[in-house]
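Here you go, sequence then predicted model.
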Amino acid sequence: MSDIKKIKDDYIDKLNTENNIDKVNNIKSELFGKNGIISNEFKKLSSISVEERKKLASDLNNIKNELQNKISIKIQEIETKEINFKLEKEKIDVTLPERNIEIGKIHPVSQVIDEISSIFSEIGFSVEEGPDVENEYNNFTALNTPDNHPARDMHDTFYLDNNKELLLRTHTSPVQVRTMLKGKPPFKIIAPGRTYRSDSDQTHAPMFHQVEGLHIDKNINMGHLKGCLNYFIKEFFEVDKIKMRFRPSHFPFTEPSAEVDIGYEIKNGKIVIGEGNKWLEILGCGMVHPNVLKNVKVNPNKYQGYAFGIGIDRLGMLKYGINDLRAFFETDYRWLSHFGFDPLDVPSNYRGLSR
Amino acid sequence: MKFTVDWLKNHLDTNFNNNQIIDKLTNIGLEVESFESSTSELDTFIVAKIINAKTHPNADRLKLCDVDIGGEKTIEVVCGAPNAKNGLLTVYAPPGSIIPKNQMKLSVSKIRGVTSYGMLCSESELQLSNESDGIIELKNNKYANKIGEKYFKNISEKIIDLSITPNRPDCLGVRGIARDLSAAGAGKLKINKKSNLKYRGNQNINVTIKKEKAQGCTIFGSCLIKGVTNIESPKWLKDKILSLGQKPISAIVDITNYVMFDLNRPLHAYDADKIDNEIIVRSSSKGESFEALDNKKYILENDMCVISDRSGVLGLGGIIGGTRSGTEYSTKNILLESAYFLPRSIRKTSKQLNIDTDAKFRFERGIDPLSIEEGLIKASELIKQICGGEISNLDVKKIENYKKTIINFDPFLFEKTTGFNVENKELIKILEKLGFNVSKNKKILKLVVPSWRPDITQSIDIVEEIVRIKGYEHINTSEPIKTRLKPTLNYYQKLFHFLQRSIASKGYLETVTWSFTDTKINQLFRENDEEIPIVNPISSDLNVLRNSIFPNLIFYLKKNLDRGFKDISLFEIGPAFKGKNPGDQLTVIGAVRAGKISRLSWNDKERIVDTFDVKKDVIQSLCEIGINKDDIVIDDKTPSYYHPGKSGGVYQNKNEKKALAYFGEIHPNIIKKLDINTEGLVIFEICLDHIKESKQKIKDSKSEYKFSDFQKSERDFAFIINKNFKSQELVNIIKSADNRLIKSVRVFDVFEGENIPEGKKSIAVNVTIQSEEKTLNENDLDNINKLIISSVESKSGAKIRS
C-alpha cells in the first residue's frame, strides 16, 4: 500500500511540473493503460483476501480518482494555455479601417415630401399626382384665371407650343382640377410635385416643388383651414408653439384668400421658427372659389372647402438651414452628402418625423 | 404702389400713428412691402475720423490718411487738404458717391501712384458753403460717437410701398387706400370738396368714338384748357412725384400723374395746337405707326385702340401717348383726356407691343368708369392754379352706359364660409364704408357694388370684403378633422417611395435635376421619342424636356468628376418625357456609378465598377419590392446608349414584353463625345410604370410553409458550350431536368481560353438536389446526374467536361 501511495505522490509531483500535453497523456497511459501501474494494482485485487481487498480497493479507488482528477485538470490547464497562446499570436489591429462603406442619401426635397405626406396622412389626407405637362385649361382657365386676367402675369410660364396650349404647370393646383373632375366629393388630398416658372435667381429656380392641399365637403370652413395649417406647421417644424398669422390676399382660384406668415427670429445667425416678432410668408391658401367648383362639376351650393399651396423647397430650407435654393438642383456631391438624409430615416408618425 | 403718410392724410382723418397704419394695411390685404425713407444721393456721405495722416511718398503737398469709417478696417484716402491731421473728425465719401458740387461720381483711383479709396470732403464740395480751403472739421463733442453714421440726416418723409393684388385696381390710388382704411376703423374718409371751377366756352375739338367691333374705348371725356404757361412744378408737387419714385417733368405732366396716383384716374394731356382738326378713337390697321413718349417707334397690328386725328395715330389709348401731340414748356393750349378703356383690349395690345406703363397697369385692372369728370375737374383745377388758363365745358362721349352690379347677399353665407358670425349691423356698416349701397329685403341684403370695384361680381366676393375688413384673426382655429376617405398612398406611390430608399440604401446619393435639359445631350439618349422643345426656355442649354433621366445625370456626373471625385454613385427618380401631351411621361429611376470598388483598400483588391455591380443593385431592388427572383428574365437587348455587348434588359417574368429595367456599361461613344474622364462608368434604369402590380396583397400571397428534412446533396458539373450560349438558358435546362428534385443551380465558374476550343467556353455549375419524400441513395443521385447531363447535352449542344 505504501508503494502505491509513493507512486501516487511521485506522479502528482511529476504532473505538477509537467507542461507538455503529450507527456501528460503518456503519464495517463502509464497509469491507466492496459498494463498501467494503477490498472495492474486493480488486477491484483482478485488474488487477495476479501478482508484486505475491501480496504485496498477503497484506497486504490481514492488514489485513482485523485490522479485522474489531477490529469484532467492538468490537460485543461495546458490546453487553455495553448489556446491563449494561439489567440495571442492571432491578434490583429482592429483599428485598421473596415471595408469601404458606401453611404447613400435621400435628397432633402424627397425627405421633406415624405415628412409632409406623413403629417397629412395623420389627419386623413391621401396623395394625388398629376402630370408635369399641363394644358392651359387645367393650369389657368379652370382655376378662374381667364386668358385676359393680369394674375397670369404672376406666373412666368414655360410653353411647349406657340398657341400657348401646352405648358409646364406653374403650380400644383391643376391636380385639384384633375382630382375633382375624375371623382365625386368629398375630396381630401394633398398633391406634391414639380412646378415650373421661367425665373432664376438666389431664391427662384426655374423648377421647384409645391404641395397642394384640398379638402372639399359639405361644411368645411375657414376655421378648418386654419386648424389644418396650424397643425401642419407645428408638426412640420417640430415645435410646441407656433406663431401664425393669416393675412388677406388674392388668388383667382380661392376666395376669401389668405397668405400665411409664421413668426421667427434670428438666433446666432440661424432662423428659429415659432418665436420672435418677425414674419415670414410661407404659403397661400383660401376657400375654393365657387367658379372653380362649377368648372369641375361640383355644386358650390352643396359643397365647399379649402385649398392651399406650399413651397416644399422653401420649407426644407427653413427647417434644415439651407440658404441657396439653386443648390438643390445642382447635384454637387458635397452638398448632397451634407444635406442628404439616411435612407432608413423614413419619416413616420410612430418613429417621429425626423431624428 | 408708393405714397407717403402725408398724402394718405389728404384723404383720411386719422389719429393712427404710422405703425398702426402699416399694421392695418397688412391686416386688410394691402401688403406693405416696405416702409422706408426714400434713398438719397447724399446717403453715402458718412462721418469719419483720421487715425493717421502721413505725407504722401511721391508728393509733399498730399497726405496719406488712414481713416476710420466705423467698420473693422480703416480705409486709405489720399487728401490734399492742409488741415488733414491725426484725430480730425470729418466727412468721408466712398467710391460711387456723387459729389454735389460738380456731380462727379467718385471711383477708386491712383493719385501719384497711391490708391485712394474715396475722398474726404470740403464744405464747398458738399455745397454747404463756399469754404474750399480744407476738409470739413466736425465738432468732437457732437460727432465723436457718430463715426460711420450718415452725415446728412434723411429729412424726406418715409414712403409706404404696397404690393396691390391684381383684383384691387381701386387701391392703385391713394384715395382707394384711404377708403379701405376707413372701413377698417382706421379713420374717416374725407369728403371731396365741391368744385367751384368756372368753365368758359365749349370743348370745340370734335371727338368721335368709332363704333367698331374691336373698339377698346367706351367713354372719352375731355376739356380744353386755353392760355396756360407750362412751368416747372412747385415744390409740393415735385415732392409728391419724387415720392412715387418718378422724375418731375413739367407741371402739366406732373399734374396728370399726380391725379392718376391720387384718384387712380389716368389722364392724358395733348398739346391742343398739334391736333389735326379732330380726335377719332378707333381701331388701328396693321402697319400704322407712331412715335411714343418713350421715344420708341411702334408699328401697330390690326384692332389696337388708338387715339388719332386726321393726320394719323396720336397715341395708344390708355397705354402711352405720342410725341407728335406731347406737351412742352411752350405749350399754350391743352386738351385733357379722361377716358375708359376696356381691360381686355389694353392687355392684348400691351402684350403684343410689349409696353408697360402706369396707365396701362391701371386700365388693364379696371378703372372706375364713373370717374371721368372727377379726374378732369381735379386736374383742371390744379392746372389753372399752377399754369393759369381757361377751362372749357367738359365733353364726354360714350358708346356704352355703365351698368350697376347688384348682388343679393344672404349674410348666412358669411358664417358658412368663415365659421364665425358678424352682426348684420356691423356687416352693413363695413359694406357702406367700402362704398356699397345697402338695402334690406327680409334676410337678404341688396347690394349695389361701387363702380370702382370691378372685381366684385358675386356673393363670395362680399364674404371676402367683410372678413378681410373685420380681420382674419377672428377666424377660429378648429381641430383638424381626421376622417380618412382612402389610403394615403396607392400602389405606385408606395413603390416610388420604397424604391427611392432601396436604391439610396445601396450607396447611391439621390439628386433632383431639372426636368429640362440640353438638346445636344438629350439627343444621345432620346432613342425613338419625339424631341419636346420649350418655346421660351430659361437658357439655350435647358431647351428641351428630358426624354430620359440620363442627360442630366451624366452632365452632373461629369461636373463632379471634374471637381475631383472619383467614385460616384448617383441616382434620380422622376419623370422622363415621351411626348408633349399631358400624361406622356414615365416615372423612372436613373442611376450612374463611376470609378472603383475598394479603392485604396488595405485588405481588398480594388477593381473598376462593372455591369454585374449594377445588375446586383437592380435585381436586389426588384426583389425587395416583392418580385420573385426566379421569375426574372434577362436579355441583351438594350437602348443604343448602352454598350451593346455589356448591358441587359430585365423582365418581370418570361411573359412580359416590356423591360422594366436596363443595366450595363454606357456606350463608349457617349463617354468620348461628352469627354467624361473616369475609370469605369455603369448605369441602370428602372421604369416604375412597367412594374406590374401583384394582384394579391402580401397577406394573401404567402404560400404554405414547407421544408424538407431529408438529406440534400450537391453535385458540380462543368460543361463545354458555345461561347454565345447564355448561362441563364443553361440554368433553366438543368432546373427543368427535374423541377421537384433540383432545388438550386449556381454558376460558379466561367472561363475561356487555355484547353478550351476556340468559340467555346466552360461553365461550371453547382446543383443542389433534395427530395421532399426520402433520402436519395447513390443510385437516385446517379440517375439525376445522368439526366442533367443528357438534358444539357441534347438541348444546348454542350459537352460535359471529364
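All right, it came through fine.

May I have stretch B:287-304 as PDB, with CA atoms only?
Listed next in PDB are the C-alpha coordinates belonging to stretch B:287-304 (Å, rounded to 0.1, in the frame of the first residue of the first chain):
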ATOM      1  CA  GLY B 287     -48.800  98.800 -90.400                       C
ATOM      2  CA  GLU B 288     -49.800 102.100 -88.900                       C
ATOM      3  CA  SER B 289     -47.100 103.600 -86.700                       C
ATOM      4  CA  PHE B 290     -46.300 106.400 -84.300                       C
ATOM      5  CA  GLU B 291     -43.600 107.600 -82.100                       C
ATOM      6  CA  ALA B 292     -44.500 107.200 -78.400                       C
ATOM      7  CA  LEU B 293     -43.400 109.200 -75.400                       C
ATOM      8  CA  ASP B 294     -40.800 106.600 -74.600                       C
ATOM      9  CA  ASN B 295     -39.100 107.700 -77.800                       C
ATOM     10  CA  LYS B 296     -39.800 104.400 -79.500                       C
ATOM     11  CA  LYS B 297     -41.500 103.900 -82.800                       C
ATOM     12  CA  TYR B 298     -44.300 101.400 -82.700                       C
ATOM     13  CA  ILE B 299     -45.700  99.600 -85.700                       C
ATOM     14  CA  LEU B 300     -49.300  98.600 -85.000                       C
ATOM     15  CA  GLU B 301     -51.300  95.500 -85.700                       C
ATOM     16  CA  ASN B 302     -55.000  95.400 -86.500                       C
ATOM     17  CA  ASP B 303     -57.500  96.300 -83.900                       C
ATOM     18  CA  MET B 304     -55.400  98.200 -81.300                       C
END
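
Distance from the chain centre to it, please.
31 Å (C-alpha atoms, centre = their mean, to the nearest Å).

Is any residue of that stretch near chain A?
No. Stretch B:287-304 lies apart from chain A when judged by C-beta under 8 Å from any C-beta of the partner chain; the minimum separation is 14.3 Å. All C-beta spots, glycine's among them, are computed from the backbone N, C-alpha and C.

What are the contacting residues of that stretch?
With contacts defined as C-beta atoms under 8 Å, 6 or more residues apart in numbering or on different chains, stretch B:287-304 is touched by B:214, B:216, B:283-286, B:306, B:312-316, B:320-324, B:326, B:345, B:348-349, B:352-353, B:355.

same thing but 7 Å
Stretch B:287-304 is contacted from outside by B:214, B:283-286, B:312-313, B:315-316, B:320-324, B:326, B:349, B:352-353, using C-beta atoms under 7 Å, 6 or more residues apart in numbering or on different chains.

Pull out the buried members of the residues you listed.
With neighbours counted using 16 or more other C-beta atoms under 10 Å in any protein chain shown, the contacts of stretch B:287-304 contain these buried positions: B:283-284, B:313, B:315-316, B:320-324, B:326, B:349, B:353.

count of residues packed around the nearest residue to B:Ala183 once chain neighbours are set aside?
Among residues not flanking B:Ala183 along the chain, B:Lys433 sits closest, at 3.7 Å (C-beta to C-beta, 6 or more residues apart in numbering or on different chains). Residues within reach of B:Lys433, counting by other C-beta atoms under 10 Å in any protein chain shown, total 18.

Also B:Lys296?
12.

One more: B:Glu778?
With other C-beta under 10 Å as criterion, B:Glu778 counts 8.

Also A:Thr80?
Neighbours of A:Thr80 (other C-beta under 10 Å): 10.

quick one: contacts for B:Leu445?
Neighbour list for B:Leu445: B:409, B:411, B:438 [criterion: C-beta under 7 Å, 6+ apart].

Was I right to think the first one contacts B:Asp461?
No. Counting by C-beta atoms under 7 Å, B:Phe409 does not reach B:Asp461; the two are 9.5 Å apart.

Which of those two has more residues huddled nearby?
Higher neighbour count among B:Phe409 and B:Asp461: B:Phe409, with 24 against 20, using other C-beta under 10 Å.

so what's the more buried one bridging to?
Beta bridges link B:Phe409 to B:Leu445 when assigned by DSSP bridges.
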